[in-house]
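Enquirer: Build me a structure from this.
(one chain, ligands or ions: 1)
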Amino acid sequence: MSKLSEKLYERAKPLWDKESENEFVAAMAEGTLEEEKYRAYMLQDYFYLIDYIDILEWMHGQAEDNEVAEFLKNAADSTRYEKDTVHIPNMKKLGITDDEISVAGKAPDSEEYLNYMMGKARESLVYGITALLQCSWSYAYIAKKVSDRYGDKLKSSPYSEWFSAYTSDEYQEANQRWIDILDRVVQDISSAEEEKLCMIFEKCAHYETRFWNIFISVKP
Ligand SMILES: Cc1ncc(CN)c(N)n1
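Expert: This next block holds a predicted model:
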């Protein structure tokens, strides 16, 4: 019998493959992305990660299994590290000020995505772990696939650090720990429940595409 993670992967792979060719992602790799678009993305993704960490912390407070609780704490810490090493330095470089941060709101598509994940986490911890894993895994997959496709050409893109952050051993290993914990906690679930998890995962992959698309229409 295949693991749940293998089924999730099969369901999301076509969507992630499309995302890896998304106009915004391809322009980042080619170095042709207008800075205004990247700026808008960084700011929205910063807000996104703040709420994502809150969901992980809320889930941590609900976890009864010590291993799951420890994992959720580490996942919140890794995401904080992502925000502090990718987003904060980039936002500084891009001249995003505290005033700008304080007046900017979340994009409606991002808010809907975050509300969906929080809602699933409230329904059940396993639903939450599945929904949030999609986020981590999609970046691990897309960054790796695009880096492999562009090879050394990527180095000349001003956005190459984005790819290095998400292809790093640290990020990829943290993602693998997430996959492993999910496979462990779902060992005895029914096939109907498994199908529900696949649908949650797939829905989050669709939200992820919508998130990229928010920035395509941003004008300088
Ligand atoms: C929208 C989104 N999805 C995923 C990731 C990777 N943690 C992210 N930073 N932002």
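
Enquirer: gap between Ile179 and Ser147?
Expert: 20 Å (Cβ to Cβ, to the nearest Å). Heads up, the C-betas are built off the backbone N, CA and C, glycines and all.

Enquirer: try Asn213
Expert: Using Cβ to Cβ, Asn213 is found at 22 Å from Ser147.

Enquirer: And those two? Which one has more around it.
Expert: Taking neighbours as other Cβ atoms under 10 Å, Asn213 and Ser147 compare with Ser147 leading, 17 against 14.

Enquirer: Show me what from the protein comes close to the ligand.
Expert: For the chain, the residues found near the ligand under the criterion Cβ under 6 Å from any ligand atom are Asp45, Tyr48, Leu49, Glu82, Cys135, Ser136, Tyr139, Glu208, Phe211.

Enquirer: Let's see which of those end up in helices.
Expert: If you go by DSSP state H, the residues of the chain next to the ligand have Asp45, Tyr48, Leu49, Glu82, Cys135, Ser136, Tyr139, Glu208, Phe211 in helices.

Enquirer: What separation do you get for Leu43 and Val68?
Expert: Distance of Leu43 to Val68, given as Cβ to Cβ: 32 Å.

Enquirer: now the helices: where do they sit in this protein?
Expert: Residue ranges of the helices in the chain, as given by DSSP H, are 4-19, 23-30, 35-62, 66-82, 88-93, 98-103, 108-123, 125-150, 160-167, 169-185, 191-213.

Enquirer: Number of residues surrounding Ser190?
Expert: Quick note: Ser190 (other Cβ under 10 Å) scores 8 neighbours.

Enquirer: ok, it - contacts?
Expert: With Cβ atoms under 8 Å, 6 or more residues apart in numbering as the criterion, no residue contacts Ser190.

Enquirer: how close does it sit to the ligand?
Expert: Taking Cβ to the nearest ligand atom, to the nearest Å as the measure, Ser190 falls 29 Å from the ligand.

Enquirer: go on, Glu67?
Expert: The spacing between Glu67 and the ligand, counted by Cβ to the nearest ligand atom, is 22 Å.

Enquirer: What is the neighbour count of the closest residue to that residue other than its chain neighbours?
Expert: By the measure of Cβ to Cβ, 6 or more residues apart in numbering, the closest residue to Glu67 outside its immediate chain neighbours is Ile181, 7.1 Å from it. As a burial measure, Ile181 scores 20 neighbours (other Cβ under 10 Å).

Enquirer: Same check on Asp169?
Expert: Asp169: 7 neighbours (other Cβ under 10 Å).

Enquirer: and what of Trp212?
Expert: For Trp212, the count of nearby residues is 18 (other Cβ under 10 Å).

Enquirer: mind starting the numbering at 21 from now?
Expert: From this message on, residue numbering opens at 21, which makes the last subject Trp232.

Enquirer: quick one: it and Val45 touch, right?
Expert: Yes. Applying Cβ atoms under 8 Å, one finds Trp232 in contact with Val45, separated by 6.4 Å.

Enquirer: anything in contact with each of the two?
Expert: Common contact partners of Trp232 and Val45 (Cβ under 8 Å, 6+ apart): Glu39.

Enquirer: ok, the residue nearest to the spatial centre of the chain - contacts?
Expert: The residue lying closest to the centre of the chain (Cα atoms, centre = their mean) is Cys155, at 2.9 Å. Cys155 sits next to Tyr72, Met137, Cys224, Glu228 when contact means Cβ under 8 Å, 6+ apart.
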